[in-house]
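K.L.:
quick one, fold the following:
(chains A and B)
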Amino acid sequence: MVNVLTPRTPERLPTPGPAPARDGRRRARRRQTAVAYLFLAPALLFFAVFLVLPLGFALLLSVSHWTGFDLGAVEPAGLDNFGALFADGSTFLVPVLTNTLLFALGTVVLAVTGSVLVATCVERLRFQGLWRTLYFLPIVTTVVAVGNVWKYMYEPGGLANGVLNALGIGSVAFLQDPDTALPSVVVVQAWASLGSAILVLTAGLKSIPASYHEAAALDGAGPGTVFRRITLPLLRPSLLFVCVTQFLTGLQSFALITVMTRGGPGDATDVAALEMYRRAFDYGDWGTASAAAFVLFAVVLLVTLAQLWIFRRAGEDA
Amino acid sequence: MTRPALGRRHFALALPSALLAAGCAGPHRGTGRPGDPVVLTLLSHYASGTLHRALQGPVDEWNATHDRVKVRTKAVEFTDLLTTVMVRQAAGQGADILHPYCLWNGQLVRAGVLRPAPPEHAEHIRSGYGEAAVGAVTVDGTVYGYPTEAQTYALYYNRRLLREAGLDGPPRTWPELEEAARRTTRRDRYGNPLIQGFGLSAHDDATTVGQTLALLHAAGGRFVAPDGRSTAIDSPAGRAVLALEHRLVARGASAPAVDVYQAFPSGQVAMVVGAGWWTGSLRPLMGGDYRDVGVAPVPVPEPHARPATLATGFMLGVNTASRHPREAWEFLRWLNADRVSTLRGSTATRMSALQVSVGSLTARADDMRALLGTGGDPNLRPFLDALAYAVPEPNVPGAARAKALLRENIEALWTGRRSVDEALRTTRRQVDQEVSRAW
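P.N.:
Below is the predicted model:
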């Protein structure tokens, strides 16, 4: 068998040619490099205009006072904006950041658990394509529609309370009670993201060789043991991918909460993205909004690095 | 000779260029020369059918009688108005004429969005409107626009529900209010509210805070300290108001989970504190049942206490980014200052006639009395009377943020997350800390 990783031996390297040929090759390489940069230029320009410039401007605003619109009115403020976010009386750390983390964590736990269950069950059903399509539907539905439908279902006279009442249970003020509002929105976010998670996990399940399950069955392992000892460990890379992406989506969540609760009741569902949007566009406090954006960026970066570290560890273990 | 057809390469170049040009180009605003009139845009919250039609009427009249300057209206729901103003301004697409809630004026002035009124307009505004209305459109002594509507808060009640509970009329004091709320409340066996005795709105910052501030003023309290730089809600009056709301919720007479703006027209709320604009919405919404609706002054804590309530307002002003400010002010003068004969035989400004036609209150008390005296909705009269004693809402730069923070704490109180004292303390700490940065 050919070992593709074996390095080339020195004798197989091309022998140096005469000087004019070398110059020609160098010129060709330079031309290729120039063409490569030429092709890259639109992408680089795009990133410079839409990523680097806004990033730099946001960084500038985070250390300035600015009420918006007039660039001549940007006033240096040092670290005042960051200080204000964590000052006594500020709501940014508690409950805004804690809500954001709880929201993301709750979404991940529910979406991953639900998608593992559904993906495993769908694997055993006929018409898998149909079931996968059904579960994928929320992904292609707009967040506004999803949020509004669930909002009506959660209302005091809505479907959810109707079911509870039919079971003899009293009504629950899902979105109006601060204790249930955040979990209620988490359920919707998890439900809406099940489709993509199931898609990834189904692919992961299909990549597990059937021979492993057959061997386990021959050894007398039950379905529970097979799932715990074979399916789950081999599904770990897919699971971690789903965890990372769901967590990132959860940390940046904005639209669903805006539609369903607007951060209420009180500040029970207020999250970082919503808070910075309000500070900038409702209150004209662009400095603190930018500072909040950088704090959220730091949180997202830390969480992602931690997850990548776990991912790498799990990859090595697997 | 035949011209070559548009090739694929030309098309590939032309399409993105056209899209780019279309995306970057702003709307045509005209030059004012013959055949190319100046086009002014007016952004307001008059988005619903009745309100939109009411504003479109005078705008159409202006467009039909003026060749050089035309006006185009754009409307969004009130809850989206501030965000729309800010986002459009940031995008360089701000409307020439803005119709902001006066609470936002300090913030908008600080952000350089509103243009000061020219001296002749400012003089006309100072002399033509009441003190509260002029105060609402004034920031640091400068007038920024024409007051359009003045809203005061009063007690809406359902006569039928009160009668069925054995009550002759609306409550005048807080003990009577609590008793009436208790007697009119009905719930099913699962605890779902069938009838709320006293509705507490959780609809948005404006309605949630408005009802609390109306009760606060009725108790002699204030939200903002006289210097305008801190909150004064942590006071005996503030404590009394929050305690009243807490009792109403705890005893089941109020169910903030239910949208009071849907439940009251359906006959599921006996009493609610609301602003005058609501009469205009209730009348078409309730049809014949509107005859059950009555309006009374906001109840006071004790008999014979001095009445007081909250006054809020809107104004029409001109954007600093407008390229035709002179024309915009001219249109505003025509709409808000020129007097015309109304169908009811009296004279009033076009804006006053517009406001009363939709069941709202104009900021011009004299127009209001003239128009009401000729067959207007009698339910508007208590709101008009309240203009004499209502306390105007502050319009300092951090007012919108302060209102949002107060709302969060009120809702935390309703839902049992904070006690009355905690809600007051937290409001004071948060408002003082966050809003003091705005100056």
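
K.L.:
got the residues of the stretch 151-300 of chain B near chain A?
P.N.:
B:190-193, B:202, B:255-258 (C-beta under 8 Å from any C-beta of the partner chain). Backbone N, C-alpha and C define where each C-beta goes, glycine included.

K.L.:
please flag which of those residues sit within strands.
P.N.:
Counting by DSSP state E, those place residue B:193 in strands.

K.L.:
give me the pLDDT value at residue 275.
P.N.:
You didn't pick a chain, so chain A it is. At residue A:275, the model reports a pLDDT of 93.

K.L.:
wrong one, chain B
P.N.:
Predicted confidence (pLDDT) for residue B:275: 93.

K.L.:
also the one 4 residues further on?
P.N.:
Residue B:279 is assigned a pLDDT of 89 by the prediction.

K.L.:
closest point of the stretch 201-350 of chain B to chain A, which residue?
P.N.:
residue B:257 (3.5 Å; C-beta to the nearest C-beta).

K.L.:
and the closest residue to that residue other than its chain neighbours, which of the three is it?
P.N.:
Distance criterion C-beta to C-beta, 6 or more residues apart in numbering or on different chains; nearest residue to residue B:257, sequence neighbours excluded, is residue A:176 at 3.5 Å. Following DSSP: H, G, I helix; E, B strand; the rest coil, we place residue A:176 in the coil state.

K.L.:
which ones are touching residue A:176?
P.N.:
Applying C-beta atoms under 8 Å, 6 or more residues apart in numbering or on different chains to residue A:176 gives the contacts A:156, A:265, B:202, B:256-257, B:415.

K.L.:
shaky segments in chain A?
P.N.:
Within chain A, the stretches with pLDDT under 70 are A:1-19, A:314-318.

K.L.:
what does it have sitting close to chain B?
P.N.:
Residues of chain A lying near chain B (C-beta under 8 Å from any C-beta): A:67-70, A:73, A:84, A:87-91, A:156-157, A:161, A:165, A:169-171, A:173, A:175-178, A:264-268, A:270, A:278, A:280-285, A:288.

K.L.:
and those residues, which are buried?
P.N.:
Taking 16 or more other C-beta atoms under 10 Å in any protein chain shown as the criterion, what is buried in the residues of chain A next to chain B is A:67-69, A:84, A:89-91, A:156, A:161, A:165, A:171, A:173, A:175-178, A:264-268, A:270, A:278, A:280-285, A:288.

K.L.:
rewinding a little: out of the contacts of residue A:176, which comes closest to residue A:47?
P.N.:
residue A:265 (41.0 Å; C-beta to C-beta).

K.L.:
right, and that closest one touches residue A:181 too?
P.N.:
Yes. Contact between residue A:265 and residue A:181 holds when scored by C-beta atoms under 8 Å: they sit 6.1 Å apart.

K.L.:
which neighbours do the two have in common?
P.N.:
residue A:175.

K.L.:
so who does residue 57 touch?
P.N.:
All of this refers to chain A. With the criterion set at C-beta under 8 Å, 6+ apart, residue A:57 makes contact with nothing.

K.L.:
the chain in question should be chain B.
P.N.:
residue B:354.

K.L.:
chain center to whatever helix or strand it lives in, what's the gap?
P.N.:
According to DSSP states H and E, residue B:57 maps onto helix B:49-65. Its chain's C-alpha centre and that of helix B:49-65 lie 20 Å apart, by C-alpha atoms, centre = their mean, to the nearest Å.

K.L.:
tell me which helix or strand comes right after that helix.
P.N.:
strand B:69-75.

K.L.:
Provide a complete list of residue ranges assigned to helices in the stretch 1-150 of chain A.
P.N.:
A:19-47, A:53-62, A:80-85, A:98-123, A:128-140, A:143-154 (DSSP state H, counting those that start in this stretch).

K.L.:
what angle do helix A:53-62 and the longest one make with each other?
P.N.:
For helix A:19-47 and helix A:53-62, the angle between their directions (axes from the mean of the first three to the mean of the last three C-alpha atoms, to 10 degrees) works out to 50 degrees.

K.L.:
grab the nearest non-local neighbour of residue A:125.
P.N.:
residue A:131 (5.9 Å).

K.L.:
how close does the one you found get to chain B?
P.N.:
To chain B, residue A:131 is 35 Å away according to C-beta to the nearest C-beta, to the nearest Å.

K.L.:
repeat that for residue A:142.
P.N.:
For residue A:142 relative to chain B (C-beta to the nearest C-beta), the value is 17 Å.

K.L.:
what's around that residue, how many residues?
P.N.:
When neighbours are counted by other C-beta atoms under 10 Å in any protein chain shown, residue A:142 registers 10.

K.L.:
so what's residue B:316 bridging to?
P.N.:
On the basis of DSSP bridges, residue B:316 is bridged to residue B:146.

K.L.:
tell me which residues touch it, please.
P.N.:
By C-beta under 8 Å, 6+ apart, the residues touching residue B:316 are B:42, B:97-99, B:145-146, B:148, B:332, B:335-336, B:351.

K.L.:
at 7 Å instead, please
P.N.:
Residue B:316 is in contact with B:97, B:99, B:145-146, B:148, B:332, B:336, counting by C-beta atoms under 7 Å, 6 or more residues apart in numbering or on different chains.

K.L.:
please apply the same query to residue A:267.
P.N.:
Per C-beta under 7 Å, 6+ apart, neighbours of residue A:267: A:91, A:95, B:408.

K.L.:
let's see 10 Å
P.N.:
A:91, A:94-96, A:99, A:178, A:275, B:404-405, B:407-409, B:411-412, B:417, B:430 (C-beta atoms under 10 Å, 6 or more residues apart in numbering or on different chains).

K.L.:
out of these, who's nearest residue A:213?
P.N.:
residue A:99 (41.8 Å).

K.L.:
give me the nearest residue to the closest one, chain neighbours excluded.
P.N.:
Residue A:99 sits nearest to residue A:271 (C-beta to C-beta, 6+ apart), 5.3 Å away.

K.L.:
count the neighbours of the one you found for me.
P.N.:
32.

K.L.:
isn't it up against residue A:101?
P.N.:
Yes. When contacts are counted by C-beta atoms under 10 Å, residue A:271 is listed as touching residue A:101 (9.4 Å).
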